[in-house]
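Enquirer: Below are the sequence and a predicted model; questions follow.
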Amino acid sequence: MSDLPPPSARRHDLDALRSFAMLLGIGLHAALAYIGFGWIVNDGQTSTGLRWMLNAVHGFRMPLFFLLSGFFTAMLWKKRGIGGLLKHRFQRIALPLILACSIITPTMWSVINWASSREANLIQASAEIERNPGERAPSPDIWTVASYGDLEGLAAYGSDSDQLNVPDPMYGVTPLGWTAIRDQPAAAKYLLDAGADPNARYRDQNTPLHTACFFGRAKLAGYLLEAGADVTIQSGVGERPADSMAHNQQITESIASMLQLPLDFESVKVGRDRIREMIADQETAAANPVEASQPFLSMIQRLQDWPLFHHLWFLWFLCWLIAGFAAVTSVLEFLPKIRLPAMLFSVPLCFVWLVPLTMLTQSQMHSGGTVPGFGPDTSIGLIPVPHVLLHYAIFFGFGAMIFAHHGADKKLGTHWFVTLPLAFVVLPFGLIFAYDTQRSTELIANETLRLFVMHLMQVLYAWLMTFGLLGLFETVLNKERYWVRYLSDSSYWLYLVHLPLIIAGQALLLSVDLPAIAKFALLAGIGTTILLATYALFVRYTPIGTLLNGKRARIQRAGSEPLRT
């Protein structure tokens, strides 16, 4: 995603740092299979170290990326103006996003289907055959075994399990919710008997009964109602479970297609009719009519949750943020020019206003802190989740303001030798408050204060890591190096196409008897090597490379073979 020709006009250190943030995403996705829950493929081999690494990376990676994107956007605007900025960004961001959604995303979903089938077959095989002592079987997470109705797998989670009501980290759906999505009534009954709460909410505030009503899962809805499911409970958009049955065939089939579910809408309608009768027997359906605004609000929610972009969501966010930048700068042209003191955009004074500001948006993440999680939420739907977009807009806007007040040449991370170590001091406390309720309660008993400290730790960590890495890269990469430039150029392509390869590799390694760290290292190493080979052979000097990074020329040195740049 190179921004400014010629090379002498660029900040090579910051460009390399932004590429580094993008490449970290490959490692992050590779590690997700080995943390024990929540991913497309969940390997039986897990690693606490990888779980820590994943949280540590997620806590700063995209905030850093958007800050640098804001910096380069302002630099490009200064050089080319609004028209040149929008033209350049359409060519380098919007057009690749359109092409990637047309080619890479369908490929990825095909790989996901294959990987899910492979994992399901391994789960089934492990439940059906008697293994020799010492033979290791895949041990998927509770959400996976619930979705496949694997009662033997669920037996590992007793009534004292702390995961019975926890939404999965990726989609934010509880184990009971997955039984409703995949229509596994026996598994739902098992979970309810084990003590699962029928009213435990998803990340989007829906419940299993909402899902059962939406898909017409009558038998499963009956189990939920018998267990005390609340028919008056409202989702995040104000829908009661009965309201979920008002959605038409087009919406229902669209959601089913997104979830890769076979669907016969006639059967859905029959199931919904049976559920209406059950709810009517409790004499509550008539008291909760569907409000006129609810179908519209529900459609907004569905479009926010629909994983249209998946790992490409950051490009969609950039389109929104660049459009916002263009609008703001256009308006400012007609207003009196006000220049704020430059010190407000320098460490440590900028923390005085940046930390409270980002705490406002961070406080909305993970359902306001009620669901375990570290770092920002992810928004992969057609309509961005407002608090997530606003959160990244703060980093993007601050990056643009840094350029406006300091220019292209000033170092941005002058105190990195303090901020970077301090970030690693803050990280463990942030993780304790995010995931360990018992220990965090021992430290701070008051819930309001505890949530405040949790959000403070996460925001501090993001900003400390951002400024720390800015200074580190400014110090280490203050001169252009060919291999760094090459990796920077390749990072855009590598990130766009990596996910199908990573998911396929995770599925293939399910049956390999190796520790989680070894599998991760193999996956990350071999996967990156393959991706770099595709870049060298099929991208760098082709129209694809020109689209992503601009034209790359082969430089001829005297008395030598052509040097590719």
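Expert: All right, it came through fine. Numbers count the residues shown, from 1 in each chain.
Enquirer: which is the next helix or strand following whatever helix or strand Tyr486 lives in?
Expert: Using DSSP states H and E, Tyr486 sits within helix 482-508. Past helix 482-508, further along toward the C-terminus, the next helix or strand under DSSP H and E is helix 516-538.
Enquirer: By mean pLDDT, which helix or strand of the protein comes out lowest?
Expert: For the chain, the helix or strand with the lowest mean confidence is strand 562-564, at a mean of 42 (criterion: mean pLDDT, DSSP states H and E).
Enquirer: ok, which stretches of the stretch 301-450 of the chain are helices?
Expert: Here the stretch 301-450 of the chain has its helices, by DSSP state H, counting those that start in this stretch, at 313-332, 351-362, 365-369, 386-406, 416-435, 437-443, 447-476.
Enquirer: Select, out of those helices, the one closest to Leu54.
Expert: When those are ranked by distance to Leu54, counting by Cβ to Cβ, first place goes to helix 416-435 at 10.9 Å. Where C-beta positions appear, they are placed from N, C-alpha and C, glycine not excepted.
Enquirer: Just want the angle from that closest one to helix 447-476.
Expert: 150 degrees (axes from the mean of the first three to the mean of the last three Cα atoms, to 10 degrees).
Enquirer: buried stuff in helix 416-435?
Expert: For helix 416-435, the buried set under the neighbour-count rule, 16 or more other Cβ atoms under 10 Å, comprises 416, 419-420, 422-423, 426-427, 429-434.
Enquirer: give me every residue that touches the spatially most central residue of the chain.
Expert: In the chain, the centroid-proximal residue (Cα atoms, centre = their mean) is Thr378; its distance is 3.7 Å. Applying Cβ atoms under 8 Å, 6 or more residues apart in numbering, we find Thr378 in contact with Trp313, Val388.
Enquirer: Gly25 versus that one, what's the distance?
Expert: According to Cβ to Cβ, to the nearest Å, Thr378 stands 11 Å off from Gly25.
Enquirer: Tell me the predicted confidence for Gly216.
Expert: As summarised for this prediction, Gly216 has a pLDDT of 93.
Enquirer: List the contacts of it.
Expert: Shown here is Gly216, whose contacts under the criterion Cβ under 8 Å, 6+ apart are Met245, Ser267, Val268, Lys269, Val270, Gly271, Arg272, Arg274, Ile275.
Enquirer: Leaving out chain neighbours, which residue sits closest to it?
Expert: Gly271 (2.7 Å; Cβ to Cβ, 6 or more residues apart in numbering).
Enquirer: can you count the residues close to Asn549?
Expert: If you count neighbours by other Cβ atoms under 10 Å, Asn549 ends up with 20.
Enquirer: And Gly228, by the same measure?
Expert: Gly228 is flanked by 10 other residues according to other Cβ under 10 Å.
Enquirer: same deal with the one 10 residues further on?
Expert: Neighbour count for Gly238, taken as other Cβ under 10 Å: 15.
Enquirer: how near is it to Met359?
Expert: Distance of Gly238 to Met359, computed by Cβ to Cβ: 27 Å.
Enquirer: What of Asp264?
Expert: 48 Å.
Enquirer: more crowded one of those two?
Expert: Neighbour tally, Asp264 and Met359, criterion other Cβ under 10 Å: the higher count belongs to Met359, 15 against 11.
Enquirer: show me the contacts for the more buried one.
Expert: His455, Leu456, Val459.
Enquirer: Return the member of the residues you listed nearest to Phe398.
Expert: Minimum distance to Phe398 across the contacts of Met359 is 12.8 Å, recorded for Val459 (Cβ to Cβ).
Enquirer: Quick check: the gap between that closest one and Val418.
Expert: 18 Å.
Enquirer: can you count the residues close to the residue nearest to Val355 when sequence neighbours are not counted?
Expert: Excluding its sequence neighbours, the residue lying closest to Val355 (Cβ to Cβ, 6+ apart) is Val459, at 5.5 Å. Applying other Cβ under 10 Å, we find 28 residues neighbouring Val459.
Enquirer: Also Ala462?
Expert: Close neighbours of Ala462, defined as other Cβ under 10 Å, add up to 29.
Enquirer: Tell me the pLDDT of it.
Expert: Confidence for Ala462, expressed as pLDDT, is 97.
Enquirer: now it: how far from Ser330?
Expert: For Ala462, the distance to Ser330 equals 30 Å [Cβ to Cβ].
Enquirer: check contacts around Val385.
Expert: Applying Cβ under 8 Å, 6+ apart, one finds that Val385 lies in contact with Gln304, Asp377, Ser379.
Enquirer: What backbone torsions are found at the second one?
Expert: The main-chain torsion angles of Asp377 are listed as degrees, to the nearest 10 and equal phi -70, psi 170.
Enquirer: ditto for the last one
Expert: The phi and psi values for Ser379, taken as degrees, to the nearest 10, are phi -120, psi 110.
Enquirer: looking at it, it is touching Tyr392, isn't it?
Expert: No. Using Cβ atoms under 8 Å, Ser379 makes no contact with Tyr392, being 9.1 Å away.
Enquirer: Longest helix in this structure, by number of residues?
Expert: For the chain, the longest helix by residue count, based on DSSP state H, is helix 95-128.
Enquirer: so what secondary structure elements neighbour it?
Expert: When contacts are defined as 3 or more Cβ pairs under 8 Å, 6 or more residues apart in numbering; DSSP states H and E, helix 95-128 packs onto helix 142-147, helix 151-154, helix 313-332, helix 482-508, helix 543-549.
Enquirer: Any idea how many residues pack against Ser147?
Expert: As a burial measure, Ser147 scores 24 neighbours (other Cβ under 10 Å).
Enquirer: residues in contact with it?
Expert: By Cβ under 8 Å, 6+ apart, the contact list for Ser147 reads Trp178, Thr179, Ile181, Arg182, Gln184.
Enquirer: how far away is it from Glu119?
Expert: In this view, Ser147 and Glu119 are 10 Å apart by Cβ to Cβ.
Enquirer: looking at the helices of the stretch 301-450 of the chain, which has the lowest confidence?
Expert: Per-segment mean pLDDT for the helices of the stretch 301-450 of the chain reaches its minimum on helix 365-369, at a mean of 80.
Enquirer: Alpha carbons of it, as CSV, please.
Expert: What follows is helix 365-369, C-alpha atoms only, in CSV (Å, rounded to 0.1, in the frame of the first residue of the first chain):
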residue,chain,number,x,y,z
MET,A,365,-16.3,-3.0,23.3
HIS,A,366,-17.1,-6.6,24.3
SER,A,367,-20.7,-5.6,25.2
GLY,A,368,-19.5,-2.9,27.6
GLY,A,369,-17.0,-5.2,29.3
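Enquirer: Outside of that helix itself, list whatever touches it.
Expert: 172, 201, 203, 205, 363, 372-373, 375-377, 387-388, 391, 434, 451, 454-455, 458.
Enquirer: Buried residues in it, which are they?
Expert: Going by neighbour count (16+ other Cβ under 10 Å), the buried part of helix 365-369 is Met365, His366, Ser367, Gly369.
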